[in-house]
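In: Below: sequence and its predicted model.
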Amino acid sequence: MDDVLETKDVVIGSNPQTVATYVRLRPGFVPDEQLQMQLNQLLDPAFCELHVPRDSRTRKMLEDDDLQLPLVYMELGVFGVNLLRLLELHRDMMPLASLECCYNNVIGPLKKTDDENIGVPLEHLVTCVTGIEVVLRPSGVKMIVRSSSDAVRFSSPISPSESGETSPSRQSLNQFGREVVELLKNQPFCRLPQSQFVSAYHQMFNKQCRSADYGHSRLADLLQAVPQFVQILGSGTRRVLTLPHRQQVKRFSNELLKLLKASPEKEIAVSQIGAALEPLIHRAFRVADYGVCLLSDLVNEVLMANTSHFVARDDNEGRRFIGLPKIVQSEEEKQRTRQFALEVVELLRGYPHCRMDFNKFIPSYHHRFKRQCCVAHYGFSKLMDLFEAIDDTVEVQDESAARFLQLTLPRRIEVLNNAACQLLARRAATPISQLLSAVQSAGLCALSAEDVALTDDRELERVLDHRVQVVMVNGERIAQLGEEMLVGAVRTPLLPDALKLLKIIIQNTDLSAAGSLPSPNEMTSAFEERFGDALEVTSLLLHPSLRPFIAIEAGSLIARPLLKLAQEMYHLLLHYQNKMPLDQVYALYRNEYGRDLDPSRFHCANLENLLEQLDFMATVKGKHAQVMLLNNAFLTDSPSPMRMRRDWTQGMPSWRMMKMAMPERARSHGGSSSPAESQSMTMLGAQCSSPLQPPFPADKSSSKMHRHDKADRADSSRWPPRF
């Protein structure tokens, strides 16, 4: 004590003659590097003084050699209880180097093994215990301490966007960490000596690993900068790299999830997991590859880390099963999920290879459809569960700790077919050998031959659907649109009389049932009564401009699906005041007709292409907030949007709408109109008026129109509807 008190430039002490002597550092004292190292060694002893005495033989063996703890074969639960007891005895901090000696003296002999097929490094098994972690002290000594937070033990690493770190150095470190994970996955037992890391890295990624590129001077410092991706076992020249426990659990969870999805029962007995996983992972299944000794421990860790993804149960015979939770959706949620699948196709088709980063989906969805992607609207709690519900449309790919979304192969082939039809609609024909490159050059899709599993032109012909026809011209195979492909091609411009005929059909004929049309003679009479002109309907129906809308089958006229859609969109626009936002068309159509609007049903790639086929009736205007409006030709003699009513049981406009359809000058001049208009409105009203609700008398129409106009305005103010 006298020697300590003599260093007055370092410490200040009380009088040594007193009963108790106190020593404290002098204020403002800063130790040099040598003194700091000596203080660290005093504060962080490399060995337990209680169980590893200074003069013991074990102490000398550990000091003379680099630290490398043995392989053990122990149940994780039992080992964790004993380790917590041992740590409490050492006041929540004990040197890692003396763990084996302390465990043997307090608990009992460790179950060591030399078989790498079943054994796990003791240092790694320590990090698998909940509430325990191994930290590297400034003195270079590894200490076992209690974890600062158990709640985030299995949480994913904080992304740069969440932590506020968006620097290139942080992003490059994360990329390096993902590469290390991929490298260690392919090593025996997921372990690699640090001395062999550089050569193995170069062999796998065909590039050099330079620590300076990531802002570090030594490889050891670089590896310590990514602890969420790699764990360093041992010390000195015997350091070994392996995957952290969290990465191991995540890895097994993904493999188990793929296995359960492929199982018809969506569950499997725990004892059968190993045999069932081997065909999926293409290697022998060993529990030790995942950092624990027993399969039951691995399953328990998976259940703890993924409480919402897996469920477990025990049968009467004591066998344990693990499976996927069952989510029960309502019919409305199922319809929304089907519509969501169409939206995913429409979103991903514009990305290269129909593939995008998982983290970019939410902002891209909001930017494309002008609304948030609320997972709860589809009956799920997580976005991943929603994607799993449409696994026939999109697949989630895990690559080097990063996730990507990509359309499934059948959906990618559909995108290619739609793009080919759009291309062939613009040009007469294209050689089959140039079809894929022409589609890419036109910007219709960004799919390569590998994306649709093509090796030659013959396979391309096989994946093309019925809309594309391949013919031989001068010894060269040419792709062109088939005869039945009428929608999606460049339409022949509608003749003026053809437009008037479509207007009569859409406004006055019920196409919701079988879709049969009036006879040519009836169409001729209706045309003359409506417009006062004679018309040869038979020759007009054969014009190419009407082929996408009207078919002639066995002498009868049949409305094609595009004409039925035109009538549905016409009534929908009237119902919503002739102004419908483009991003709300899907939802409003489903709410009104109880089914999804699928552009592919009309051989169109997306909604914009489908609406182009209806440009004779409606147009889309606006740059940012685009809306759909009726053309002036269909607004003439049409009911007011706020006065529109439909009798959905009969599929026809009600008698009140027909009264609203009276020409404006007839209402403003006390009901007087031209003879042709009066005769047309009389005939139309007689056809559409209900026997229980006769039309208004002509002399009292003004006051009653005013009352109905008020009621309709109040009803139509609820727009857009909530869903």
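Out: Great, that's in hand.

In: What are the neighbouring residues in contact with Val72?
Out: Phe79, Leu110, Lys111, Lys112, Thr113, Gly119, Val120, Pro121, Leu122, Leu125, Cys293 (Cβ atoms under 8 Å, 6 or more residues apart in numbering). Quick note: C-beta positions are derived from backbone N, CA and C, even for glycine.

In: ok, so of those residues, who is nearest Leu416?
Out: Using Cβ to Cβ, Val120 is the member of the contacts of Val72 that sits closest to Leu416, with 48.5 Å.

In: residue ranges of the strands in the stretch 451-600 of the chain, please?
Out: Using DSSP state E, counting those that start in this stretch, the strands found in the stretch 451-600 of the chain span residues 468-473, 476-481, 550-553, 556-559, 580-581.

In: Would you reformat those strands as TSV and include mean neighbour count?
Out: Compiled in TSV, these are given as follows (neighbours: other Cβ atoms under 10 Å):
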stretch	mean neighbour count
strand 468-473	14
strand 476-481	17
strand 550-553	15
strand 556-559	16
strand 580-581	20
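
In: Among the ones you listed, which comes closest to Ser147?
Out: Scanning the strands of the stretch 451-600 of the chain with Cβ to Cβ as the criterion, the closest one proves to be strand 580-581, at 51.7 Å.

In: those helices in the stretch 101-250 of the chain, which residues are they?
Out: Ranges of helices within the stretch 101-250 of the chain are 122-127, 160-163, 168-185, 197-205, 219-224, 245-262, based on DSSP state H, counting those that start in this stretch.

In: Can you tell me which of those helices is most buried?
Out: Comparing the helices of the stretch 101-250 of the chain by mean neighbour count (mean count of other Cβ atoms under 10 Å), helix 122-127 comes out on top with a mean of 22.

In: Quick one: distance of it to the chain centre.
Out: Here the centre of helix 122-127 is set off from its chain's centre by 36 Å, with Cα atoms, centre = their mean, to the nearest Å.

In: Output the contacting helices and strands for it.
Out: strand 71-72, helix 76-89, helix 99-106, strand 132-136, strand 231-233 (3 or more Cβ pairs under 8 Å, 6 or more residues apart in numbering; DSSP states H and E).

In: Switch the ones you listed over to a markdown table; also include mean pLDDT and distance to Phe252.
Out: As requested, those are exported to a markdown table (pLDDT from 0 to 100; distance: least, Cβ to Cβ, whole Å):
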| stretch | mean pLDDT | distance to Phe252 |
| --- | --- | --- |
| strand 71-72 | 94 | 20 |
| helix 76-89 | 92 | 14 |
| helix 99-106 | 88 | 26 |
| strand 132-136 | 89 | 20 |
| strand 231-233 | 93 | 16 |
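
In: now these as JSON lines including distance to Val375?
Out: JSON lines is the format used below for the helices and strands packed on helix 122-127 (distance: least, Cβ to Cβ, whole Å):
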{"stretch": "strand 71-72", "distance to Val375": "43"}
{"stretch": "helix 76-89", "distance to Val375": "34"}
{"stretch": "helix 99-106", "distance to Val375": "45"}
{"stretch": "strand 132-136", "distance to Val375": "33"}
{"stretch": "strand 231-233", "distance to Val375": "34"}
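
In: Tell me which of the ones you listed approaches Leu435 most closely.
Out: In terms of Cβ to Cβ, the element of the helices and strands packed on helix 122-127 nearest to Leu435 is strand 231-233, at 51.2 Å.

In: ok, and what's touching that closest one?
Out: 68-69, 121, 123-124, 127, 191, 194, 220, 223-224, 239-245.

In: what do you get if the cut-off is 6 Å, keeping everything else the same?
Out: With contacts defined as Cβ atoms under 6 Å, 6 or more residues apart in numbering, strand 231-233 is touched by Pro121, Glu123, Arg239, Val240, Thr242, Pro244.

In: now swap in stretch 189-206 and tell me
Out: Applying Cβ under 6 Å, 6+ apart, the contact partners of stretch 189-206 are Glu116, Leu183, Leu184, Gln208, Cys209, Arg239, Val240, Leu241, Thr242, Leu243, Asp289.

In: Name the nearest of those relative to Leu481.
Out: The shortest separation between Leu481 and any of the contacts of stretch 189-206 is 50.2 Å, and it belongs to Leu183 (by Cβ to Cβ).

In: What pLDDT does the model give the closest residue to the closest one other than its chain neighbours?
Out: In space, not counting the residues next to it along the chain, Leu183 is nearest to Met204; the distance is 5.5 Å by Cβ to Cβ, 6 or more residues apart in numbering. You'll see Met204 listed with a pLDDT of 91.

In: His282 now?
Out: Here the pLDDT value assigned to His282 is 89.

In: if we can go back for a sec, closest one to Gln469 among the helices of the stretch 101-250 of the chain?
Out: Each of those was scored for nearness to Gln469 using Cβ to Cβ, and the closest is helix 245-262 (37.7 Å).

In: which helices and strands sit right next to the very next helix or strand once past that closest one?
Out: Following helix 245-262 in sequence order, the next helix or strand is strand 267-269 (DSSP states H and E). Identification of packing neighbours for strand 267-269 by 3 or more Cβ pairs under 6 Å, 6 or more residues apart in numbering; DSSP states H and E yields strand 320-323.

In: List the buried residues of the strand it packs on.
Out: Along strand 320-323, these residues count as buried under the neighbour rule (16 or more other Cβ atoms under 10 Å): Phe321, Ile322, Gly323.

In: The first one and Leu347, how far apart?
Out: What that stands for is Phe321. When distance is defined by Cβ to Cβ, to the nearest Å, Phe321 is 37 Å away from Leu347.

In: do the same with the last one
Out: The span separating Gly323 from Leu347 equals 31 Å under the rule Cβ to Cβ.

In: Same check on Ala425?
Out: The gap separating Ala425 from Leu347 is 23 Å, by Cβ to Cβ.

In: Look at these two and report which has more neighbours.
Out: In this view Ala425 and Leu347 are compared by other Cβ atoms under 10 Å, and Leu347 has more residues nearby, 21 against 18.

In: Which helix or strand contains that one?
Out: Using DSSP H and E, Leu347 maps to helix 331-348.

In: Next, the buried residues of the next helix or strand after that helix.
Out: The element immediately downstream of helix 331-348 (helix or strand, assigned by DSSP H and E) is strand 355-357. By neighbour count, and taking 16+ other Cβ under 10 Å as the criterion, the buried residues in strand 355-357 are Arg355, Met356.

In: other SSEs contacting strand 355-357?
Out: In terms of contacts (3+ Cβ pairs under 6 Å, 6+ apart), strand 355-357 is packed against strand 402-407.

In: Could I get the helices of the stretch 101-250 of the chain in CSV, plus columns for distance to His377?
Out: Putting these into CSV (distance: least, Cβ to Cβ, whole Å) gives the following:
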stretch, distance to His377
helix 122-127, 41
helix 160-163, 25
helix 168-185, 32
helix 197-205, 42
helix 219-224, 44
helix 245-262, 23
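
In: Those: which one's closest to Ala275?
Out: Nearest to Ala275, of all the helices of the stretch 101-250 of the chain, is helix 245-262, at 10.8 Å by Cβ to Cβ.

In: For the closest one, C-alpha coordinates in PDB please.
Out: What follows is the C-alpha trace of helix 245-262 in PDB, where atoms were taken according to Å, rounded to 0.1, in the frame of the first residue of the first chain:
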ATOM      1  CA  HIS A 245     -27.100 -19.000 -34.200                       C
ATOM      2  CA  ARG A 246     -29.600 -16.600 -35.600                       C
ATOM      3  CA  GLN A 247     -28.500 -17.300 -39.100                       C
ATOM      4  CA  GLN A 248     -28.600 -21.000 -38.500                       C
ATOM      5  CA  VAL A 249     -32.200 -20.800 -37.200                       C
ATOM      6  CA  LYS A 250     -33.200 -18.600 -40.100                       C
ATOM      7  CA  ARG A 251     -31.600 -21.100 -42.500                       C
ATOM      8  CA  PHE A 252     -33.400 -24.100 -41.100                       C
ATOM      9  CA  SER A 253     -36.700 -22.200 -40.900                       C
ATOM     10  CA  ASN A 254     -36.600 -21.400 -44.600                       C
ATOM     11  CA  GLU A 255     -35.900 -25.000 -45.500                       C
ATOM     12  CA  LEU A 256     -38.600 -26.300 -43.200                       C
ATOM     13  CA  LEU A 257     -41.100 -23.800 -44.700                       C
ATOM     14  CA  LYS A 258     -40.400 -25.000 -48.200                       C
ATOM     15  CA  LEU A 259     -40.900 -28.600 -47.000                       C
ATOM     16  CA  LEU A 260     -44.200 -27.900 -45.300                       C
ATOM     17  CA  LYS A 261     -45.600 -26.000 -48.300                       C
ATOM     18  CA  ALA A 262     -44.900 -28.900 -50.600                       C
END
